[in-house]
Each structure stands twice: as C-alpha cells, then as structure tokens.
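In: all I have is the shape, not the residue letters:
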C-alpha cells in the first residue's frame, strides 16, 4: 500500500500523530517544548523535569563541568548538580555559593541519616558528594566573608566522615611545616595494616583546588591501582587557607615539598624507591619548584607544567592591570562601588592579592615575576610527564613544551586533543582518561625498578 | 582612597580590565563568549574548548542525561559524551548512532591497547565506557538496519571484556527459556569462590534498556553492598533481541521470571531466603507480572510500577493513532515518504509494532490492552517498593499509587520529588540516590530475616 492511496482523513490523523508521537526508539512524548519544573507533574508522561543545561558564562560553565566531571569518582551526581545550577543566574555567580551549600546540606543530611541506620555505602556516597558540593560553594564564596571558611571546613568534615566508610586506611594529616602544619590525607588500599610497602604518589592541586577535590580527580584512581596516596595543601592553597588564612603562596616550594616528603618517608608503608609527585593546575608550578631541590622524589607529573606564573596569569587578562595609572590597595576595595566594578571581579582581584600575600595590585604584579623556574628546570633529573589540554590555550601549551625541552631527566609531553574529550583544563571533563595516561606512564616507570 | 579620587585614565583602564579579567575566584579569562572548538588554541589561556550543552529536543536531551547519568558507576564520562553530542543536530537524531558508535570505537581501541600493555584498571574503565557508548548508539539506530544489532553486540562484548577485569566473579549466562535462552549476567563480590551464600537481586530493564546498562544503573550498587546480582533480558527486550530478533514482549511474564528464578536457585551462592526482583522502566510491569505467580521471590522493587501498559504508552501520544481511519501495516512503512512522516517517528512506530510482535498499528493498539495486571495485584504478597519520579508525569504517578493500594503485601511508595535532583524517569540523573533508597529498604527487609 502506497501512502498516496491513503484517505485524506488518514493523512490528517497521521500528521497530528507525527507532531506528538514519541521522538525516538523510546516511548515518550515529544512535545517539542521542555516542561518547566512545575509543569511536568501536569503532563501525562514525561522523561524528566530537568534539562542538561550549562551557562553561557564560560567560567561558570567550566565550574559546572568541573563539578559534573567528578561524578565518575563519586564527587557529585548529575541531577543534583543540575538542580543547584538551575537556581543560579547565568553570568552572575552571586547565588552560586548559597545554591551549592544548600545542596551540600541536603545531601549531607541524607548521608548522616542513612549512616545512623547503618547503611554504610549509601551514607558514604552521600557524604562524599556533599563534601564536593561544599567545595563548589567555597569556590565562588566571597573570601572576605566567614562563609568561605565555613564551606571549606564542611567540605573537609564531610570528606573525612565519608572516606572513613570505605575499605581504605585513612590518616588525616597535619604535616609539620615551619612553626605550623600543612593539612593533608594519607590513604592506602590496606585498611587494617600499615606493614605493606607500596608505590606512593603525593598529589597537590593549584590555585583553587583542594585535597578533597583531588581525591576525586586523581587520588581514587591511584588507590584503585594499588598506590598509597598523600593529598596535601601547601602554603597559599585553599585547603591550607581554612586553617592558616594568612599563609600565602611562595615562589620557592622546596620547603613545603620537603616537609611532605619527610613525612611520607617516615612511614613504613611507603616505598622510597617508588615515590612520585603530581601537581595539578598551578600545582604544576609548585610541584616542579619542589622537585628542583627535593631529590628523593623519583617521578614527576605536571598537569600542566607551569614555569612562569607571571606570564600564565597575565595571559588571563591580568595584563590589562599594567595599564592602571594608580595602584589599588587592599583597603581600597571596599570603597569601589559595585556599579564601577562587578563584584565578581572585585572579589577575584582582592583574592589574588591576598593569596599571594600582597597589599596592592602593583605589588601583586611585581611579585608574580618571582614565580619563575624557567632557568632552573635543568635541575629536574627524574622522569617527568607533562600533561596539557589542547583547549587550555597557547600559553599552557607553550610552557609545557618549554618544560619538556629544558628538564634534564627523560620527559614525556602528552597533549589531550579535542577529539579525546579531555582537552579541558586539568582534564576535569575526563578524569578516567587523564588518570589512565598518568598512571599507565607511572606504572611503566615504577615497574621497571 | 575612594574610587572618585581615581583619575579618569585609571577608571578607563579599569573598565577595560573589568571586561576581560577572570570571572571568578579562579584565574581565567572571561571573554563573555564561548570559544568554538577550533578557537581555543588561538587563545592565550582558556578553560576548555567544550561546553555543558544539552538539546532542546526533550527526548534527545533525556538520552544525553541518561548517558551522563551513568558516569557515577563507570558507564561514561562527561567530556566524551559532550564531544559525541556536539556532533549531533538538535532535533534530528539521525547522526546520533554514528557519533556514539565512533566514540565507542575510539574508547574501545584505547582500552584494548592499554590492556595489551597490562594496564588493567585503565583498560576496564575504557571498555566499560565503550560498552555503554555502543548502547547509546544502538538506542537511536534504525532497528531495520544491521548496525542496530552490531552496536548491541559490541556493547555486549565490551561489557564482558571490561567486567572480567574487576574483582568480581562474572558468569555470562544463557538462561534456558522454552526452546531458547535469555541472555544475562551473574555477578558476585566473590571472585574466587561460589561457596559463599549471599543476598541476591534479579534486575531487569524495560522497553529500551539492557542488562549491560542496568549494571551501571543498579547492579554495581548492589555488588558494593555485598549482593549477588543477576542481570537479564527477557522476551522483547533489547538485550534479548540481539540474539532473538523475533522474540516479542508478552503480557504474562511469569514464564521468563520463573526461568530466571530456576537458574538462580540452582546456584549454591544464592540465598533463597533473600532473593529480590527489580524491574526498571517498563520492567516495572514485567517484574510485577512475574511476581504474581512466582512465589520464590521474597521482595519486589518496581521503578516505576506499571500496571497498565496500554494506558501508559497511550499517554505518550500514541492515543492519536486511534484516530486513524485506516490501518498501517509493517510492510507499508517503507512506502511512506520521509516528507510525510519524520523518519524518527516512522522508526519508532515500526519498532513498537515489531517489539510487541504485531503486524500493524491497529493490531498493536489492540494488543497493548492485554498488558494489564491491575486486577491481579492482590496476588503480590511480598514486600514491595514502588519508586517513581515526580518528573515522570501523571500516569506513572497514578499507576504507582494504584499499585501500592492494591498489592496484598506491605508496600512502600517512594516519590522522588524535584528537589531530590532525582525526579527523572528511573532516576537516570541520580543513580546513587536511587540505589540508596532501594538498597537501604531492601537491606532492612533482608536483615530482619
């Protein structure tokens, strides 16, 4: 039967049907419009009240990707993250901290209630997500307000309470450093003993990451592969700020790295011959800086390798600050009306001055020049893996190439191209591939020994 | 210093700076426009070439959510899925199978290469993702073309090759059923023995899900909680179609369920006192149908409970078909010009007739009326958990309520509201919460025994 033989009536019914029938091999209505949250309960049959939706604001979109990207290792789940994001105005992250903190509280409460009933797996799954939701809240929180520290400490607490429900050995650390300490975590696949000597990787994040977050990004992947992991927050890093608000970034990271190595090598369960150091984001600078002098590290991973923070940060647009004719001091910020300067930029700039321990913008710009190890790379003599994403831009790619060209030890450059689905900064959109590249490389080095 | 005291020159520089400075507590440029894939390498510093982006087409958006939703349990990763999605036209899924199959091939190749080098964890992570990418390709593939089966078998093969690299016992099943078999998997937390008797859950999917997919949705969560799992595909289901293209859905599922229970109870490692059955999506009908007669099942979970498939499917828009004045037979479909009927609808309708074993649309509509267990629910005497999402629409909510009102055993209705971030069909956007609800309930029942 050819369609032309069908009656008009039939064709008419058919066209109506075409407009509304299920849109796929599935069986659901395609209404050609997405129901809003409150509409779906009025529809007879639907898929979801929720949509996959990002932000047109690139930074907010990346932060959303960063959150969803941790799902693989248990740092969040799509539906909850999209729910929180749906309550935030595109381009204006002022409501972001509240939205993600509320989500954190909701999921933390659920986890603690399940734990009280003895449901360990459900509880840990929730507490780990809650930890990373508080971290997301901390990210956009105003560092001048108490809630910034509050969210950070909640991320810390939920993480500890969650991770202790897994079958890993967990030691929460205060690593002695000068007159103070660096916070961190040591985890081992061996819950009930510290007598088994294992490969160990020390992992640090960068400008805005934390120990808890890098557990999801890189730590859990190492545990799955039989490594011990030591996650730590060095001077100036967000995880350290919670305890030491005035401890700033320093250009020479040899002392903090040596403090961490000192601690690691005191442990019986750490194999000193198979000790690696991994720096993520700006951690790619700090880890390299430490490896210049700290010779007990046997392999180095930089994601990405940053050899000149001044050039790197100025590439973000900071270079425009050099055109200012007058300096801007920390105490001036409170007097800048929001109409003159978008609060999100004001917070960012104030934050950066503070994090680098500088009292004004000009001082910051001058100080950043000290964060340069381009002339010292030849002192890195251990195997080095340089990881960088094609989507990170010209400067990271250039500095990564410079790094592998100038270290003395064998160096491997791995560029995550666009077709890998992993070309974002730190491969935050594809941690399993990132970790496959990293740990396969590291296993091949350590297994030779 | 008040801003008003700043020179005009300074303010001018400031405004430029405001436009381009980092958008957050982070350090990255906010260009207020998202770079396209090829632009990012021309930018000095960027976050990603990729955006979080869904489809305005509700069904395609849900399918995207379904894929990303499996990240938590290892069925995909955000960056790869968004990459595949970026190559598909919104509203036109004709390129979907190719895009996801290409991704599947890329990730499978990566996994097999890593396996050849002995990198077991990296290999299994990739093969599991590849399996679920092939499943996504299968979903929108034209079931009349060989590629539909090809993608399905690749999903099957990658799954087997991946899952055998975990520390679980894996038995790939051909469960005897009539003169044929039902495909499935038995997995146990005990890799090296089958002498430990454990709680066991039998899990089935619905209209378009597969055993492999429900491993990610519900199976792995059970293994983590110490259950054996038996995943299976019954008559008419996609996982069974790969082997039995002409085996259709049947209204009374007691025989297939009994076949599966027969197999399970022959195993020494299955505790017959703690045997549960879980049906997902249309599996909420089939599992309930089986539980009406199969009395060896001790607990039943329906997500969602479907008691009348005719009403359920007609709510999707199929009811318009009843207005047709002439029937449409399977052999007519090839003669309908694409201009008269969108190919995606044509495929859907042809597929539904075939899947239900009917030769025409009128026959389908009549046949669906047989899929009704509303008068038999009183024969379900075991504890029953009814799960449904607020975002699924009125009919699923109504049928879920009807189910708990009419079964004889103790019944619990759990509605995932919008604020749970889990209100999608089958909680595909929030599997950890879905599984917490399910397994905490089930643990409490089985632990009483």
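Out: Structure's in. What do you need? All of these numbers come straight from a predicted model, not from anything done at the bench.
In: ok, the residue lying closest to residue A:237 once chain neighbours are set aside - contacts?
Out: Nearest residue to residue A:237, sequence neighbours excluded (CB to CB, 6 or more residues apart in numbering or on different chains): residue A:205, at 6.5 Å. In this view, the C-beta of every residue, glycine as well, is placed from N, C-alpha and C. Applying CB atoms under 8 Å, 6 or more residues apart in numbering or on different chains to residue A:205 gives the contacts A:211, A:213, A:214, A:217, A:233, A:237, A:238, A:239, A:280, A:281, A:283.
In: same deal with residue A:163?
Out: A:124, A:128, A:170, A:185, A:187, A:215.
In: 7 Å - rerun?
Out: residue A:170 (CB atoms under 7 Å, 6 or more residues apart in numbering or on different chains).
In: which stretches in the stretch 51-200 of chain A count as strands?
Out: Along the stretch 51-200 of chain A, the stretches classed as strands by DSSP state E, counting those that start in this stretch are A:169-177, A:180-188, A:198-204.
In: and for the stretch 201-350 of chain A?
Out: Under DSSP E, counting those that start in this stretch, the stretch 201-350 of chain A gives strands at A:228-232, A:270-280, A:299-303.
In: run the chain-centre distance for stretch A:247-261.
Out: From the chain centre to the centre of stretch A:247-261 is a distance of 20 Å (CA atoms, centre = their mean, to the nearest Å).
In: now the strands of the stretch 201-350 of chain A in CSV, with mean pLDDT and mean neighbour count?
Out: CSV is the format used below for the strands of the stretch 201-350 of chain A (pLDDT from 0 to 100; neighbours: other CB atoms under 10 Å in any protein chain shown):
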stretch, mean pLDDT, mean neighbour count
strand A:228-232, 98, 28
strand A:270-280, 98, 23
strand A:299-303, 98, 27
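In: that older thread, the strands of the stretch 51-200 of chain A: which one's closest to chain B?
Out: strand A:198-204 (13.3 Å; CB to the nearest CB).
In: what helices and strands are in contact with the closest one?
Out: strand A:228-232, helix A:254-266, strand A:270-280, helix A:283-293 (3 or more CB pairs under 7 Å, 6 or more residues apart in numbering or on different chains; DSSP states H and E).
In: re the thing from before, distance to residue A:398 added to the strands of the stretch 201-350 of chain A, as CSV?
Out: CSV is the format used below for these (distance: least, CB to CB, whole Å):
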stretch, distance to residue A:398
strand A:228-232, 29
strand A:270-280, 18
strand A:299-303, 14
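In: a markdown table please, covering the ones you listed and showing distance to chain B.
Out: Output for the strands of the stretch 201-350 of chain A, formatted as a markdown table (distance: least, CB to the nearest CB, whole Å):
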| stretch | distance to chain B |
| --- | --- |
| strand A:228-232 | 14 |
| strand A:270-280 | 14 |
| strand A:299-303 | 14 |
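In: among those, which is nearest residue A:70?
Out: strand A:270-280 (13.0 Å; CB to CB).
In: who touches that closest one?
Out: For strand A:270-280, using CB under 7 Å, 6+ apart, the contacting residues are A:197-206, A:209, A:214, A:217-218, A:228, A:257, A:264-265, A:286-288, A:290-291, A:296-303, A:426, A:442, A:446, A:449.
In: which among the residues you listed end up buried?
Out: A:198-206, A:209, A:214, A:217-218, A:228, A:257, A:264, A:286-288, A:290-291, A:296-303, A:426, A:442, A:446 (16 or more other CB atoms under 10 Å in any protein chain shown).
In: out of the strands of the stretch 51-200 of chain A, deepest packed?
Out: Highest mean neighbour count of these: strand A:198-204, a mean of 25 (counted as mean count of other CB atoms under 10 Å in any protein chain shown).
In: what strands line up against it, and which way round?
Out: strand A:228-232 (parallel), strand A:270-280 (parallel) (DSSP bridges).
In: got those as JSON lines, with distance to residue B:356 columns?
Out: Putting those into JSON lines (distance: least, CB to CB, whole Å) gives the following:
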{"stretch": "strand A:228-232", "distance to residue B:356": "52"}
{"stretch": "strand A:270-280", "distance to residue B:356": "52"}
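In: nearest spatial neighbour of residue A:140, chain-adjacent residues omitted?
Out: residue A:96 (4.0 Å).
In: kindly report the residues of the stretch 51-200 of chain A close to chain B.
Out: Residues of the stretch 51-200 of chain A that fall close to chain B, judged by CB under 7 Å from any CB of the partner chain: A:51-54, A:56-59, A:61-62, A:64-65, A:68-69, A:71-72, A:74, A:77-80, A:83, A:93, A:114, A:117, A:119, A:121-122, A:125-126, A:139-140, A:143.
In: what subset of those residues is buried?
Out: A:51-54, A:57-59, A:61-62, A:64-65, A:68-69, A:71-72, A:74, A:77-80, A:83, A:93, A:114, A:119, A:121-122, A:125-126, A:139-140, A:143.
In: next, count neighbours for residue A:89.
Out: 12 (other CB atoms under 10 Å in any protein chain shown).
In: which residues touch the closest residue to it other than its chain neighbours?
Out: The spatial neighbour of residue A:89 that comes closest, neighbours along the chain excluded (CB to CB, 6+ apart), is residue A:95 at 6.3 Å. Residue A:95 sits next to A:87, A:88, A:89 when contact means CB under 7 Å, 6+ apart.
In: quick revisit: export the strands of the stretch 51-200 of chain A as TSV, with columns for distance to residue B:106 and mean pLDDT.
Out: Converted to TSV, the strands of the stretch 51-200 of chain A look like this (distance: least, CB to CB, whole Å; pLDDT from 0 to 100):
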stretch	distance to residue B:106	mean pLDDT
strand A:169-177	36	98
strand A:180-188	32	98
strand A:198-204	27	98
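In: CSV for these, including distance to residue A:344?
Out: Converted to CSV, the strands of the stretch 51-200 of chain A look like this (distance: least, CB to CB, whole Å):
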stretch, distance to residue A:344
strand A:169-177, 32
strand A:180-188, 27
strand A:198-204, 26
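In: how close does residue A:104 sit to residue A:138?
Out: Residue A:104 sits 10 Å away from residue A:138, taking CB to CB, to the nearest Å as the criterion.
In: and those two? Which one has more around it.
Out: Counted by other CB under 10 Å, residue A:104 and residue A:138 do not tie: residue A:138 has more neighbours, with 30 against 26.
In: wait, the more buried one touches residue A:153, no?
Out: No. Judged on CB atoms under 7 Å, residue A:138 makes no contact with residue A:153 at a distance of 9.2 Å.
In: so who does the nearest residue to residue A:110 once chain neighbours are set aside touch?
Out: Distances taken as CB to CB, 6+ apart put residue A:126 closest to residue A:110, at 5.0 Å, once the chain neighbours are dropped. Contacts for residue A:126 (CB under 7 Å, 6+ apart) come out as A:107, A:110, A:111, A:114, B:436.
In: and with 8 Å instead?
Out: Taking CB under 8 Å, 6+ apart as the test, what residue A:126 contacts is A:107, A:108, A:110, A:111, A:114, A:162, B:432, B:433, B:436.
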